[in-house]
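Enquirer: No letters, just coordinates:
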């Protein structure tokens, strides 16, 4: 039986909502929806490119905590609030994944929990 490892960011919302930053079971790591919030500070306000870059950096950090790297990502899911900005999000995504080429999904959503958040990204890694 594979051991479950829950990885926390320390956010108080993890206990309130009942979720983990990431979960590793065996060789599979699932990373929760990630936004451009750094504690109470929003990184890249009004700029989907900067938000996407920061989110991917946050995902890289949590993967390292789980014993993986972005090279192990096999799927990303991007939830963007304005699909007309897809090229800026795609540019930042491509800077990280140009040679890795995970499967990717980008969909427009009505809103995120804070109207200043322009994109949220999930990732799946297999090591």
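Expert: Looks like it came in fine. Quantities reported herein were computed from a predicted structural model and do not represent experimental measurements.

Enquirer: Quick one: name whatever helix or strand follows the helix or strand of the chain with the lowest mean pLDDT.
Expert: Within the chain, no helix or strand scores below helix 12-13, which has a mean of 80 by mean pLDDT, DSSP states H and E. Using DSSP states H and E, the next helix or strand after helix 12-13 towards the C-terminus is strand 22-25.

Enquirer: so how far is the following helix or strand past that following strand off the chain centroid?
Expert: Moving toward the C-terminus from strand 22-25, the next helix or strand (DSSP H and E) is strand 28-34. Here strand 28-34 shows a centroid-to-chain-centroid distance of 7 Å under the convention C-alpha atoms, centre = their mean, to the nearest Å.

Enquirer: So which elements touch strand 28-34?
Expert: strand 22-25, helix 48-65, strand 119-126 (3 or more C-beta pairs under 8 Å, 6 or more residues apart in numbering; DSSP states H and E). Bear in mind the C-beta positions are built from the backbone N, C-alpha and C, glycine included.

Enquirer: now the ones you listed as TSV including mean neighbour count, distance to residue 99 and mean pLDDT?
Expert: What follows is these, written out as TSV (neighbours: other C-beta atoms under 10 Å; distance: least, C-beta to C-beta, whole Å; pLDDT from 0 to 100):
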stretch	mean neighbour count	distance to residue 99	mean pLDDT
strand 22-25	19	23	96
helix 48-65	20	14	97
strand 119-126	22	16	98
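
Enquirer: Nearest to residue 42 among the ones you listed would be which one?
Expert: helix 48-65 (8.1 Å; C-beta to C-beta).
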